[in-house]
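In: I would like to see how this sequence folds:
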Amino acid sequence: MKHPATFGAAVAYQGYFRPHFDGHLPFQPNAPQARSYDLIALEKTNPVPVSLRLFASDANKVSYPSVKEILTVVKRPTDGTARIAQAAATACRCGPERSRARSTGWHRSSQVSHHAPERRGDEAGKGLT
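Out: The predicted structure follows:
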């Protein structure tokens, strides 16, 4: 999301979209660096043309709230699709070969897609699809 001209898509397993540090803070919460890594605020103020594929477990206390929040603010030209596992383990244990296969196929099962509707006459702006 910070470099849309270079990366048009992202896959995040148990990711988070704001700086979240336990212990050592590399910068102060209100510092410019912290604000630049707040991807939720970025999406609210300046959505970019990227496609997000997200996976989270509702059991993960860090990534799940962050994924839920980013999905509430995603709007065109950003596209976001998420799979939320119910009461699943919070660690993703998959090697490079398995993760590549899963990252291209998992979204075909249960998914939630969030993006602003395209403008189509009277239907324009009536919520998420």
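In: do a quick rundown of the helices in this structure.
Out: Assigned by DSSP state H, the chain shows helices spanning 32-36, 39-45, 63-73, 96-105.
In: mean pLDDT lowest for which of those helices?
Out: Per-stretch mean pLDDT for these is lowest at helix 96-105 (a mean of 50).
In: hey, which helix or strand in the protein has the poorest pLDDT?
Out: helix 96-105 (a mean of 50; mean pLDDT, DSSP states H and E).
In: now Val74: closest residue in space, sequence neighbours ignored.
Out: Of all residues not flanking Val74 in the chain, Gly80 sits nearest, at 4.0 Å (C-beta to C-beta, 6 or more residues apart in numbering). (Each C-beta comes from the backbone N, C-alpha and C, glycine too.)
In: shouldn't Asn60 be in contact with Ala12?
Out: No: if you go by C-beta atoms under 8 Å, Asn60 and Ala12 don't touch, sitting 11.9 Å apart.
In: so what pLDDT did His20 get?
Out: His20 carries a pLDDT value of 73.
In: check the one 4 residues further on too.
Out: For His24, the model assigns a pLDDT of 78.
In: that one: how many residues sit nearby?
Out: Neighbours of His24 under the rule other C-beta atoms under 10 Å: 5.
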